[in-house]
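**Student:** Following is a predicted model, sequence given first.
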Amino acid sequence: MQIAKVRGTVVSTHKSRSLTGVKFLLVQYINAEGELMPKYEVAGDTVGAGVNEWVLVSRGGAARVESGQGEKPLDAMVVGIIDTINVDNRLLYSKKDEYRPN
Amino acid sequence: MQIAKVRGTVVSTHKSRSLTGVKFLLVQYINAEGELMPKYEVAGDTVGAGVNEWVLVSRGGAARVESGQGEKPLDAMVVGIIDTINVDNRLLYSKKDEYRPN
Amino acid sequence: MQIAKVRGTVVSTHKSRSLTGVKFLLVQYINAEGELMPKYEVAGDTVGAGVNEWVLVSRGGAARVESGQGEKPLDAMVVGIIDTINVDNRLLYSKKDEYRPN
Amino acid sequence: MQIAKVRGTVVSTHKSRSLTGVKFLLVQYINAEGELMPKYEVAGDTVGAGVNEWVLVSRGGAARVESGQGEKPLDAMVVGIIDTINVDNRLLYSKKDEYRPN
Amino acid sequence: MQIAKVRGTVVSTHKSRSLTGVKFLLVQYINAEGELMPKYEVAGDTVGAGVNEWVLVSRGGAARVESGQGEKPLDAMVVGIIDTINVDNRLLYSKKDEYRPN
């Protein structure tokens, strides 16, 4: 998986019928130093991630293995909201510190 | 998925039999700032996208999961026509503003 | 799919048994301006493409979905010979003009 | 597979239910000269790799082929802890020499 | 597939049980001019390729389609030893000329 930050949403009303009800998040990849990279993904979301949250994104067939997803033409999915990232025994990211929704 | 702009079409009469009747769109990728990138894809289309429309493109097995697509050797598919893209609570793209087919 | 030009062939006598009889084409990718790029692929061929023809190449599982291909360890396949490419309502490539086999 | 070094861990409590109990390792890729590269992966782990160990990482569907993994939306998996790497009959890496957990 | 040169081996005793007995080759990619590139792959091998031989490497699900490979978490496989490569009707590589094992 890659680490990404939720930046926004994409709306498409005219789409494959099987995608009805799927929410599309625009997520931007983050490198191993915790910085935003140019690359992005438009991913489905089953965990209810919000703008500015850091998430785990799975690509390829992984986006379709969960129950009920098998016939949706998705190639990227937000599979988790990140609480903490530790690199070399140092805290690189903590949701508690950096993200305050209220 | 990636965001792309429909740029044109590719015609192939001598092809895998299972691809008979598939329309091939040449779509060019768009980055998170809304600019055209050099990378492109030749994708199948089941949503009827037209030239200059912005679309969502799924790659890999996602191009073959929908009913009737399973035996077509496609690795990219236009799965939706984009209405709006919002990044950081700002409207990056709106089909109503930027695309007027008539 | 990507657009590529057939540049040559690769011969391998000592290979996976299931690949017996498969012809390997060396195809080089072409960008959206119609220029050769450094990237190439060695692809199986079921459409009988010849050197210098422009073709559509599918990668990944798409190379194995057609009847009889399921157990061959191929990750790229020539799936069509290109007749014409149109970009922005302009003819970028026409087989009739650019390719004369005799 | 790619060679990577275990750099740390990612914790996500709010995630796809099927990922409950999966440990996420942050691994950074290593090139053919044995140097760290910027690219990383967040991978599942079934072999119990520890920080600083060099591992083999499989991506794509390979992350889901083992028994019990089929419905987990993983696209990367640590599949082995590396003991030695030999290139051109020269020892590029040996776990015994470079990694001492105690 | 990509063309690669066998450079060495990777040994891992602590690995996924299904990988027992699999030989891991470190292969380095070769470009369309016949030159070594920085990118490499650690690939399984079922054809018995040796150091310095040029081989065809398949990636993704192709590494698992052959009989008995389905549950092994491999994402790359050496599927053939290359005898000759012809580009533009010129011999780019011949095993007979360039590789003498004895």
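**Tutor:** Looks like it came in fine.
**Student:** Surely residue A:47 and residue A:79 touch.
**Tutor:** Yes - the pair residue A:47 and residue A:79 qualifies as a contact (CB atoms under 8 Å) at a distance of 6.9 Å. Yep, even glycine has a C-beta here, placed from its N, CA and C like the rest.
**Student:** Tell me the residues that contact both of the two, please.
**Tutor:** Residues touching both residue A:47 and residue A:79 (CB atoms under 8 Å, 6 or more residues apart in numbering or on different chains): A:55, D:15, D:16.
**Student:** could you measure residue A:20 against residue A:14, distance?
**Tutor:** Distance, residue A:20 to residue A:14, using CB to CB, to the nearest Å: 11 Å.
**Student:** again with residue A:39
**Tutor:** According to CB to CB, residue A:39 and residue A:14 sit 26 Å apart.
**Student:** what's around residue A:13, how many residues?
**Tutor:** Using other CB atoms under 10 Å in any protein chain shown, the number of residues around residue A:13 comes to 11.
**Student:** Identify the residue nearest it in space, chain neighbours excluded?
**Tutor:** Sequence neighbours aside, residue B:83 is the residue nearest to residue A:13 in space, at 5.7 Å (criterion: CB to CB, 6 or more residues apart in numbering or on different chains).
**Student:** ok, and what's touching the lowest-mean-pLDDT helix or strand in chain A?
**Tutor:** Lowest by mean pLDDT, DSSP states H and E among the helices and strands of chain A is helix A:95-98, with a mean of 83. Contact with helix A:95-98 is made by A:53, A:54, A:81, A:82, A:83, A:84, as judged by CB under 8 Å, 6+ apart.
**Student:** So which of the residues you listed are in strands?
**Tutor:** Mapping those onto strands (DSSP state E) picks out A:54, A:81, A:84.
**Student:** any chance of the residues you listed in CSV, with pLDDT and distance to chain D too?
**Tutor:** Shown next, in CSV, are the ones in strands among the contacts of helix A:95-98 (pLDDT from 0 to 100; distance: CB to the nearest CB, whole Å):
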residue, pLDDT, distance to chain D
A:54, 98, 9
A:81, 98, 4
A:84, 97, 5
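**Student:** Out of those, who's the most crowded?
**Tutor:** Counting neighbours by other CB under 10 Å, residue A:54 comes out on top of those with 25 neighbours.
**Student:** what about residue A:21, helix or strand, and which?
**Tutor:** For residue A:21, there is no helix or strand it lies in under DSSP states H and E.
**Student:** check contacts around the residue located most distally from the centre of chain A.
**Tutor:** Distance from the centre of chain A peaks at residue A:89, with 24.7 Å (CA atoms, centre = their mean). Contacts for residue A:89 (CB under 8 Å, 6+ apart) come out as D:8, D:51.
**Student:** Then residue A:3?
**Tutor:** Taking CB under 8 Å, 6+ apart, we find residue A:3 in contact with A:29, A:30, A:54, A:55, A:56, A:57, A:82, A:85, D:10, D:42.
**Student:** could you redo the last one with a cut-off of 6 Å?
**Tutor:** For residue A:3, the contact set (CB atoms under 6 Å, 6 or more residues apart in numbering or on different chains) comprises residue A:30.
**Student:** That one belongs to a strand, doesn't it?
**Tutor:** Yes - assigned with DSSP: H, G, I helix; E, B strand; the rest coil, residue A:3 falls within a strand.
**Student:** That one pairs with what?
**Tutor:** Residue A:3 has the following beta-bridge partners by DSSP bridges: residue A:56.
**Student:** And residue A:47 and residue A:79? Which one has more around it.
**Tutor:** Using other CB under 10 Å, the more surrounded residue of residue A:47 and residue A:79 is residue A:79, with 29 against 18.
**Student:** partners of the helix or strand hosting the more buried one, with directions?
**Tutor:** Residue A:79 is part of strand A:76-81, with elements assigned from DSSP H and E. Sheet pairing here is set by DSSP bridges, and for strand A:76-81 it gives strand A:36-45 (parallel), strand A:54-59 (antiparallel), strand D:14-15 (antiparallel).
**Student:** what residues does the last one touch?
**Tutor:** In other words, strand D:14-15. With CB under 6 Å, 6+ apart as the test, strand D:14-15 has contacts from A:47, A:79, A:80, A:81.
**Student:** cutoff 8 Å now
**Tutor:** A:47, A:48, A:56, A:79, A:80, A:81, A:83.
**Student:** And for the second one?
**Tutor:** By CB under 8 Å, 6+ apart, the surrounding residues in contact with strand A:54-59 are A:1-6, A:27, A:29-30, A:41, A:43, A:47, A:49, A:75-82, A:85, A:93, A:95, A:98-99, D:10, D:12, D:15, D:24, D:42, D:73-75.
**Student:** could you flag which of these are buried?
**Tutor:** A:1-6, A:27, A:29-30, A:41, A:43, A:47, A:49, A:75-82, A:85, A:93, A:95, A:99, D:10, D:12, D:15, D:24, D:42, D:73-75 (16 or more other CB atoms under 10 Å in any protein chain shown).
**Student:** Next up, the contacts around the spatially most central residue of chain A.
**Tutor:** Closest to where the C-alpha atoms of chain A average out (CA atoms, centre = their mean) is residue A:78, at 3.5 Å. Contact partners of residue A:78, counting by CB under 8 Å, 6+ apart, are A:4, A:6, A:25, A:27, A:43-47, A:49, A:55-57.
**Student:** which of residue A:20 and residue A:14 has more neighbours?
**Tutor:** Each of residue A:20 and residue A:14 has its neighbours counted (other CB under 10 Å); residue A:14 has more, 14 against 9.
**Student:** who does the more buried one bridge with?
**Tutor:** Beta-bridge partners, per DSSP bridges, of residue A:14: residue B:81.
**Student:** Let me know the pLDDT of it.
**Tutor:** On pLDDT, residue A:14 comes in at 97.
**Student:** and it, how far is that from chain E?
**Tutor:** 31 Å (CB to the nearest CB, to the nearest Å).
**Student:** Give me the neighbour count for residue A:70.
**Tutor:** Neighbours of residue A:70 under the rule other CB under 10 Å: 11.
**Student:** same check, this time on residue A:94
**Tutor:** For residue A:94, using other CB under 10 Å, the count is 15.
**Student:** what residues are up against it?
**Tutor:** Under the criterion of CB under 8 Å, 6+ apart, the neighbours of residue A:94 are A:83, A:84.
**Student:** Enumerate every residue touching the closest residue to chain D within chain A.
**Tutor:** Closest residue of chain A to chain D, CB to the nearest CB: residue A:80 (3.2 Å). Contacts of residue A:80 were listed using CB under 8 Å, 6+ apart, and they are A:47, A:55, A:56, D:12, D:14, D:15, D:16, D:19.
**Student:** and of those residues, the nearest to chain E?
**Tutor:** Relative to chain E, the closest of those is residue D:19; by CB to the nearest CB it sits at 17.2 Å.
**Student:** Hmm, residue A:71 and residue A:19 touching each other?
**Tutor:** No - contact criterion CB under 8 Å: residue A:19 and residue A:71 do not qualify, at 10.0 Å.
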